[in-house]
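Participant: here's my sequence, what's the structure:
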Amino acid sequence: MTPDPTRRDRTRPGRPPAAPRPAGSTGPAGAKPRAGTGDPTTPVDAGTTAGAAYPRPSRAELAAAADRTIADVIAPGLAVLFVGINPGLWSAATGWHFARPGNRFWPALHRGGFTPRLLHPSEQDELPALGLGITNMAARASARADELSTEELLAGAAILTDKVARYRPRWVAVVGVTAYRIGFGRPKATFGPQPQALAGARLWVLPNPSGLNAHFTPATLGAAFAELRVASGVPDRRPTD
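Facilitator: Have a look, this model is predicted:
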């Protein structure tokens, strides 16, 4: 089985590990996460009510986060395992997936009906109870996804296959069609359900929720996530009143 480089404490030589978090805490310095509020189309960042408890990483902290890895949010038998391309520097600095302000993953997740409210990235550990998880195609953090090599994405696809065989999610949703095309050698792949399975799981490709992806609006991203939710059989968890 291919070694899994996504364990929390594994870093590349010469890079300091992320600061340890106290038991029971998903944020720095033991701070308690605060619930997301407001318009789910608005990116959640440190300037919102949800993010106000956590300071923004400094430039030095972001620079030091390059090449780090962060822990998966995963459990056996999930309904959907979301697969990012690789952690950004904000994620590596905080330990939270899709943490950079302006990333629209968490708003799209809620707008698509996967979560009952807009979660802050620090609340990522609430996802497995909802049947959801997060991992990445490539483990190491970088400022931009296009810094990854083809070899890294190919190796990441093999590691992901082993991970899916071990944890057995029903669906695997790769968040980024270009990374999927390269990693799995499928240059003509498009968004939506894929004809191939992955270690027994159904495959789906979602748009990249990065704020740099101008091809998708908050509304169209939410609709893409909602389409996956319906196909995966996950109930709409948004309040009805």
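Participant: residues in contact with Leu148?
Facilitator: By Cβ atoms under 8 Å, 6 or more residues apart in numbering, the residues touching Leu148 are 85-86, 138, 142, 179. To be clear about C-beta, it is placed using only N, CA and C from the backbone, and glycine gets the same treatment.
Participant: ditto for Lys188
Facilitator: Arg181.
Participant: quick revisit: and the two most separated of the contacts of Leu148?
Facilitator: Pairwise distances across these (Cβ to Cβ) peak at 12.4 Å, for the pair Ser142 and Ala179.
Participant: picking up where we left off before, so which of the contacts of Leu148 are in strands?
Facilitator: Using DSSP state E, no member of the contacts of Leu148 falls in strands.
Participant: top of those by number of neighbours, please.
Facilitator: Counting neighbours by other Cβ atoms under 10 Å, Ala138 comes out on top of the contacts of Leu148 with 28 neighbours.
Participant: now do that one against Ser232, distance only.
Facilitator: From Ala138 across to Ser232, the span is 24 Å (Cβ to Cβ, to the nearest Å).
Participant: give me the three-state assignment for Arg140.
Facilitator: Here Arg140 is recorded as coil under DSSP: H, G, I helix; E, B strand; the rest coil.
Participant: tell me what the nearest residue to Ser232 once chain neighbours are set aside is bridged to.
Facilitator: Closest residue in space to Ser232, ignoring its immediate chain neighbours: Trp171 at 4.7 Å, by Cβ to Cβ, 6 or more residues apart in numbering. For Trp171, the beta-bridge partners under DSSP bridges are Val80, Arg202.
Participant: which secondary structure elements does the lengthiest helix in the chain contact?
Facilitator: Longest helix of the chain, by residue count under DSSP state H: helix 150-167. If contacts are counted by 3 or more Cβ pairs under 8 Å, 6 or more residues apart in numbering; DSSP states H and E, helix 150-167 sits against strand 80-84, strand 132-136, helix 177-183, strand 192-198.
Participant: how about residues contacting the first one?
Facilitator: So the one you mean is strand 80-84. Residues from elsewhere that reach strand 80-84 (Cβ under 8 Å, 6+ apart): 74, 97-98, 105, 114, 131-137, 160, 164, 167, 169-176, 201, 206, 228-229, 232, 234.
Participant: where does the prediction get shaky in the chain?
Facilitator: Applying pLDDT under 70 to the chain flags the ranges 1-53.
Participant: repeat the analysis, applying 50 as the threshold.
Facilitator: 1-51 (pLDDT under 50).
Participant: helices of this protein, residue ranges please.
Facilitator: Counting by DSSP H, the helices of the chain are 59-64, 89-94, 105-111, 150-167, 177-183, 218-232.
Participant: redo the ones you listed as TSV? Include distance to Ser210.
Facilitator: TSV is the format used below for these (distance: least, Cβ to Cβ, whole Å):
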stretch	distance to Ser210
helix 59-64	16
helix 89-94	12
helix 105-111	9
helix 150-167	16
helix 177-183	11
helix 218-232	10
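Participant: mind checking those for the one nearest to Ala197?
Facilitator: Ala197 lies closest to helix 150-167 among the helices of the chain, at 9.5 Å (Cβ to Cβ).
Participant: quick check: angle from that closest one to strand 192-198?
Facilitator: Following axes from the mean of the first three to the mean of the last three Cα atoms, to 10 degrees, one obtains 70 degrees for the angle between helix 150-167 and strand 192-198.
Participant: for helix 150-167, give me every contacting residue.
Facilitator: Here helix 150-167 makes contact (Cβ under 8 Å, 6+ apart) with 1-6, 72, 74-78, 81, 83, 86, 133, 135-140, 172, 179, 182-185, 198-201.
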